[in-house]
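> Fold the stuff below for me.
(2 chains)
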Number of protein chains: 2
Amino acid sequence: MAHAAQELVRKLGRLSRVTDEPGKLTRTFLSPAMKRANALVAGWMKDAGLKVRVDSVGNLIGCYEAANPKSKTLLLGSHLDTVRDAGKFDGPLGVLLPIVALADLKRRGVKLPFDVEVLGFSEEEGVRFASAYLGSKGYCGKLTAKDLAMIDADGVSVSEAIERWNGLTPGRSSKRVGVNALHLKAAHKRGDLLGYVEVHIEQGPVLEAKKLAVGVVSAIAGQSRFKLTWTGQAGHAGMTPMALRRDALAGAAEFVSGVEAIARRTPGLVATVGALTVSPGAANVIPGEVVHTLDVRHADDRRRRQALMAIGRLATQIANRRELERRWQRTQENGAVTCSPALTAQLARSMKAIQGKSVSLVSGAGHDGVVMSALCPVAMLFVRCRGGLSHHPDEYASPKDLGVALAVMTDFLERLAAEQGLTPLPAAAGPVFVPGSRRGRNRGK
Amino acid sequence: MAHAAQELVRKLGRLSRVTDEPGKLTRTFLSPAMKRANALVAGWMKDAGLKVRVDSVGNLIGCYEAANPKSKTLLLGSHLDTVRDAGKFDGPLGVLLPIVALADLKRRGVKLPFDVEVLGFSEEEGVRFASAYLGSKGYCGKLTAKDLAMIDADGVSVSEAIERWNGLTPGRSSKRVGVNALHLKAAHKRGDLLGYVEVHIEQGPVLEAKKLAVGVVSAIAGQSRFKLTWTGQAGHAGMTPMALRRDALAGAAEFVSGVEAIARRTPGLVATVGALTVSPGAANVIPGEVVHTLDVRHADDRRRRQALMAIGRLATQIANRRELERRWQRTQENGAVTCSPALTAQLARSMKAIQGKSVSLVSGAGHDGVVMSALCPVAMLFVRCRGGLSHHPDEYASPKDLGVALAVMTDFLERLAAEQGLTPLPAAAGPVFVPGSRRGRNRGK
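Next up is the predicted model:
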């Protein structure tokens, strides 16, 4: 796999230079850079023997066709958009790795008993419209009227952006006409799909701590996000005795500590206050108001809801004792997604075969699989990334780890082919694939 | 005093309309509004029989002269500058109240056995140059080369501003020539002064809680101000287990709570975290860095230093346990100022006589008295303000409370006159002032 891993590294580097912002990597939904990225990746897809199309919401789709045209389809993919000032792995890895793996199969003349569609979703990060998963939602026929009406910083709506991307002139009186004409339906029927498998950098420190290159995802955590506002009484920092204060920051600080304690004693729970602002925000004025976020995730929705109830009681208790007003606003709510036991077990077997050890993680981050799970079974393979860092130019996965991930993907495709009860068709000069002979091969290289 | 209090309310209202910013009250050091304010108040001083001058740093000085030209001088005053979008009491009250009180003495034909200088300092709030007390520092001959070199938002230095105010053309090669020519020396020798007494709104809730119109200040608290930086490790809020986090906000929150606990268990201590910012500051990112202020005050410098040591140990403990880096930067340090026991006792006697009860407070806020204490004994009288609110257009002291403060000031002047062993000289038609007859008079009206 060393050669293929080098090829993957080269492609990741090349794609990372396709950007909307000179000097840094930023590529957003239906932007000029997205068009160039699709063209570049489409070329690589064609080289790997894939049939390429772009759907009406900008998703790049390449099909490695089975021998039998009536075969089912396996989906492999991730997203091609990025956050602002991004790293080169988050998203593109899950698109380019399958292309490189399939190119290798093609080179070896291996045909699979199912179609493989490689998906490069046009939107996952939620940068342009502050709403995530527009690409996979479009692919699944799940874009709602509310989604289409969202506007970006320039006042352009999702439907207008889609119309322009497809060369349509957005109608002024009825913005939806053009979009409606595009028939944003699901790309497949549920029964036609074997599943969706996504390779992604971990974006966390667990694999690094466990000294493993890859891990399989058992579930994508459910997530609740809130905006909290604590209102007390601003006052002079020198002239207001401690006993007469209603300090909004003192209340919020107690809450932050309490939330951390609840998360620490609840296995698998993560809870984060990531943004916090203080008003008036002067050194000599007691804070009168604090606004902050709260993000709570767990793989088990029931455990998450239990934790939220404990957190709610904590807030009430603090507010009452300190005579603060506190307001909650729920800004996001996603249920947990359980990965397909069958696909996950298959991935785990490949992982065990390649790196010797199998490890299962919960994905605390949302991924395209959250949306795709409505259409078909989903599975995910995480790749170790340095320091758990992501959404940053220094984001890094080593070529060696990428090689392991490539080997796992190839092994997985072969196992799945065997499981389908069909022997892949060897090319004349290619290696013969025989189910049951796998364990003897050296997959680690 | 009802008539005099009404007159004081009228004057406060009139002066509050002299502003640099239309629609709100903002009057800063040596601004156009400051020039108009000085002219307005100078007129009122003259009406009250005061001899008026403006010193080279813009302080307005009006002298109610004693019968004997060799008499000592009592200073009464406060500042005429304001914060941005200010209320009408903070500062002007301490200038206008003595003028109204002296106008009443003049009307009654009372002469005092000492000069009374009413001071309207040109700068106390630190708005224009982000440095406080420029007016009283100038009056005391305490402006340093460092003070004079400070520049405002437009790049104008203190010395240039002073030169322009005095009609001098600032020298380009040597900015200090003009200022030096002004001889910024102390206005008085220490031995020539009886003391400095300032009337000010409380800016806190204690008098309101005690249901008293006025209180005397025993000391102006010493104050330490810091900027603290906590550095941990930013990370994905979903992908980083609680045990692997180095959350800068979780550390800062624990610190805020700990500082509050130390302040609550230390009588007289106030400690405030008033400003706090979180980086990167996104809902789904673990805070990597938190920067916040810390303001600690106590009337007893030793107690303040003890508290700071406890706070320092707390920070070290939190930083070590959480593997955070924490940096301290001291941004301000003022020792406590003890008010003159003699003047304060005299004020307390007047207060007891007028409102029935005497109460002593620590001023947690800095005032011109901090600087004036280097020149002469100082004392302060606080006036109750609604909700403890100041630095806000809704700042309010009731006419009734202003009447009490006026009566206390008049009583104080008469007691001081008696203490000086001299009977004030009654005018031909005015009331005769006889020491010892005070208790029988109705001072409450």
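> Every contact and neighbour count from this point should use C-alpha atoms.
OK.
> can you pull the contacts of the residue nearest the centre of chain A?
The residue lying closest to the centre of chain A (Cα atoms, centre = their mean) is residue A:367, at 2.6 Å. Counting by Cα atoms under 8 Å, 6 or more residues apart in numbering or on different chains, residue A:367 makes contact with A:124, A:133, A:220.
> Tally up the residues packed near residue A:408, please.
26 (other Cα atoms under 10 Å in any protein chain shown).
> next one: residue A:306
12.
> Distance check, the residue of chain A most remote from its centre against residue B:295.
Using Cα atoms, centre = their mean, the residue of chain A lying farthest from its centre is residue A:239. It sits 50.8 Å away. The span separating residue A:239 from residue B:295 equals 12 Å under the rule Cα to Cα, to the nearest Å.
> got it, and residue A:184?
Residue A:184 is 59 Å from residue B:295, by Cα to Cα.
> What of residue A:102?
Counting by Cα to Cα - residue A:102 and residue B:295 are separated by 63 Å.
> tally of neighbours for residue A:168?
Neighbour tally, residue A:168, other Cα under 10 Å: 15.
> which residues does the residue nearest to residue A:204 when sequence neighbours are not counted contact?
Of all residues not flanking residue A:204 in the chain, residue A:388 sits nearest, at 3.9 Å (Cα to Cα, 6 or more residues apart in numbering or on different chains). With contacts defined as Cα under 8 Å, 6+ apart, the neighbours of residue A:388 are A:202-206, A:208, B:235-236, B:240.
> pLDDT for these - can I get that in CSV?
As requested, the contacts of residue A:388 are exported to CSV (pLDDT from 0 to 100):
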residue, pLDDT
A:202, 96
A:203, 93
A:204, 91
A:205, 92
A:206, 93
A:208, 96
B:235, 88
B:236, 90
B:240, 91
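> In helices, which of the residues you listed fall?
Among those, the ones falling in helices (DSSP state H) are A:206, A:208.
> Quick one: buried ones out of the contacts of residue A:388?
A:202-206, A:208, B:235-236, B:240 (16 or more other Cα atoms under 10 Å in any protein chain shown).
> Quickly name whichever of those residues is closest to residue B:305.
Nearest to residue B:305 out of the buried ones among the contacts of residue A:388 is residue B:235 (Cα to Cα; 36.9 Å).
> how much space is there between the closest one and residue B:324?
14 Å.
> same deal with residue A:45?
From residue A:45 to residue B:324 the distance is 46 Å (Cα to Cα).
> between these two, which one's more packed in?
It is residue A:45, of residue A:45 and residue B:324, that has more neighbours when counted by other Cα under 10 Å, with 26 against 23.
> Tell me the helix or strand right after the helix or strand hosting that one.
For residue A:45, the host element (DSSP states H and E) is helix A:32-47. Downstream of helix A:32-47, the first helix or strand assigned by DSSP H and E is strand A:51-54.
> Direction included, what does that next one pair up with?
strand A:60-64 (antiparallel) (DSSP bridges).
> Could you check the angle the partner strand makes with helix A:32-47?
Following axes from the mean of the first three to the mean of the last three Cα atoms, to 10 degrees, one obtains 10 degrees for the angle between strand A:60-64 and helix A:32-47.
> List the buried residues for strand A:60-64?
Applying 16+ other Cα under 10 Å to strand A:60-64 flags A:60-64 as buried.
> Please enumerate residues in contact with it?
With Cα under 8 Å, 6+ apart, strand A:60-64 has contacts from A:38, A:42, A:45-46, A:49-55, A:102, A:115-122.
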